[in-house]
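> let's see this in three dimensions:
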Amino acid sequence: MFILAKMFGFHFMDGILLRNVMSDGRKCDIHIKGNIISDIAPAGEAKVGEDVEIVDCSGKTALPGMVNMHTHAAMTLLRGVGEDICFPEWIDRIWTEEEKIDEEYIYWATKVACLEMAKTGTTTFLDQYWMAPAAEKAVQESGLRAVLSYVHLDHYDPVKSGLQRRECEAVYEASLSWPTTIGFSVAVHSVYSVSEQQILWAAGFAADHGLKLNIHLCETEKEVSDCRAAHGMSPVRYLDSLGVLGPDVIAAHTLWLDDDDIRILAEKGVSCVHNINSNLKLASGYRFPYNELRDAGVNLCIGTDGCASSNNLDLLEAMKTAALVQKAWRNDPAAMPLEELFAMSTANGAKALGLDSGILRCGSLADIILVDTGSSFFLSDAPFMANFIYSAHSDSVSSVICDGKFVMRDRTVQGEHEILAEAAKVLSKLK
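Below is the predicted model:
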């Protein structure tokens, strides 16, 4: 193959070498071969062939790409739809707006989301939104990694239930031909918007096909009180009574929990996702039981939620807010330590999705972000992670590599101006 390429004038690079990059406090060379980190060696000692692209990363620090564990990507074009209103009114307004959207909307709005996530250092995301095949096309073109969901939301309507079951089966079959960077999962919107029969069907379908199941859970106090009134138990105990909870379940929000709920989530191996900015903005609550969930052994992740509630997809901002709020309401500056906070946005999310990423090590997927430390935010002798999370902004992320390929280089994403222009056209049609 190499000889033929030379004969016909083609040149295939045998991977990427990130030279002189800081990682774990030391200067090193990181060799990427295919979509895998093949070597991490002291600077100047990595042994690579002549057909490796060498990238000088002096002044840069390498980190694992971030994992946004709960979002509704195509809500990028619904920013500002429901401002300064509480959750019940907000979600009714969202559902009304969503009746207008089509596949063209989903495609371009997801392109905007992928652009925004690349610009802010996210390489992988778990999405819960509509028309997954249109989203899949957008994600594939972006180069990011994603798990896209079919969402069950029947509002207790048996006609919708049957339609959604057939659609879920069809999208699953289509997903079998998706690239390895894009997975498929099943979503149940919530216990208050999906019938018991549909919850059981969706959970059974996910289990039968080895898929992740994601759900909004205990997001608001009203959700919990309504569930107690309807079923005589909390949403967590209700799902547990149905046999739904398990290690393949990813629960978003998990804000209004009691001790028994936490015990059940831990025993069942459920991963929980903290969505601080959305919770604050919709006044859903702020006392996320981080310590209690962590101490019980729950795998804790972080997400932005959709742009209709959190207004952006910036995980760095979400990390800072999560830590500050946790420290404040607990009156404990040691709450949510930096290492645990960053793990929530990287390794823990990868673990929940079953991916070998989130940590920079040989053999792991080459999902890497490069942080430019040449700004005032990194002048101090504070630990790098403190400067990155508490001082810097996401524009310090200079380049992003996903699955061994650059998706952003020197703050530039290919086609970004076209994406914004086409998304603006789609948005104008909704008005």
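> so for residue 60, what's the nearest residue that isn't a sequence neighbour?
Distances taken as C-beta to C-beta, 6 or more residues apart in numbering place residue 370 nearest to residue 60, at 4.5 Å, with adjacent residues excluded. Just so you know, the C-beta spots here come from the backbone N, C-alpha and C atoms, and that holds for glycine as well.
> meant to ask about residue 282
Per C-beta to C-beta, 6+ apart, closest to residue 282 is residue 87, 4.8 Å.
> can you pull the contacts of the residue nearest to residue 60?
If you count contacts by C-beta atoms under 8 Å, 6 or more residues apart in numbering, residue 370 has them with 18, 21, 57, 60, 61, 62, 63, 397, 398, 399, 400, 401.
> repeat that for residue 239.
By C-beta under 8 Å, 6+ apart, the residues touching residue 239 are 191, 199, 215, 217, 245.
> assumed it was part of a helix.
Yes. Secondary structure assignment places residue 239 in a helix (DSSP: H, G, I helix; E, B strand; the rest coil).
> where's it relative to residue 208, distance?
Distance, residue 239 to residue 208, using C-beta to C-beta, to the nearest Å: 18 Å.
> and residue 165, by the same measure?
On the measure of C-beta to C-beta, residue 165 and residue 208 end up 13 Å apart.
> who has more neighbours, those two?
Ranked by neighbour count (other C-beta atoms under 10 Å), residue 165 and residue 208 place residue 165 first, with 18 against 8.
> so that one, which of the three states?
For residue 165, the assignment made with three-state DSSP gives helix.
> I'd say it and residue 201 touch.
Yes. With contact defined as C-beta atoms under 8 Å, residue 165 reaches residue 201; the gap is 5.9 Å.
> got any ranges where this structure has weak pLDDT?
Applying pLDDT under 70 to the chain flags the ranges 1-13.
> one more pass at 80, please.
Across the chain, the ranges flagged by pLDDT under 80 are 1-14, 47-50, 430-431.
> now the strands for the stretch 251-400 of the chain?
In the stretch 251-400 of the chain, the strands defined using DSSP state E, counting those that start in this stretch lie at 271-274, 299-302, 368-372, 397-402.
> next one: the third one to chain centre, how far?
On the basis of C-alpha atoms, centre = their mean, to the nearest Å, the separation between the geometric centre of strand 368-372 and that of its chain is 18 Å.
> equivalent analysis for the first one, please.
Taking C-alpha atoms, centre = their mean, one finds the center of strand 271-274 at 11 Å from the center of the full chain.
> give me the contact list for that strand.
If you take C-beta under 8 Å, 6+ apart as the criterion, strand 271-274 is touched by 69-70, 249-254, 265, 288, 290, 293, 298-303, 322, 344, 348, 351-352.
> in helices, which of the contacts of residue 239 fall?
Counted as lying in helices by DSSP state H, out of the contacts of residue 239, are residue 199.
> and which of the contacts of residue 239 is nearest to residue 410?
Closest approach to residue 410 among the contacts of residue 239 (C-beta to C-beta): residue 215, at 39.2 Å.
> residues contacting residue 60?
Contacts of residue 60 by C-beta under 8 Å, 6+ apart are 18, 21, 22, 370, 371, 372, 373, 398, 399.
> next, give phi and psi for it.
Main-chain torsions, residue 60, degrees, to the nearest 10: phi -120, psi 150.
> now swap in residue 37 and tell me
phi -80, psi 110.
> who's it bridged to?
On the basis of DSSP bridges, residue 37 is bridged to residue 32.
> from residue 52, how far out is it?
The spacing between residue 37 and residue 52, counted by C-beta to C-beta, is 13 Å.
> before we move on, what about residue 312?
Distance, residue 312 to residue 52, using C-beta to C-beta: 36 Å.
> next one: residue 138
Distance, residue 138 to residue 52, using C-beta to C-beta: 31 Å.
> more crowded one of these two?
residue 138 (24 against 17).
> so that one is in which element?
helix 132-142 (DSSP states H and E).
> what angle separates the helix or strand following that helix from strand 397-402?
Toward the C-terminus, helix 132-142 is succeeded by strand 145-152 as the next helix or strand (DSSP H and E). Orientation check (axes from the mean of the first three to the mean of the last three C-alpha atoms, to 10 degrees): strand 145-152 against strand 397-402 gives 70 degrees.
> flag every buried residue along strand 145-152.
The neighbour-count check on strand 145-152 (16 or more other C-beta atoms under 10 Å) flags 145, 146, 147, 148, 149, 150, 151, 152 as buried.
> with that, I have no additional questions.
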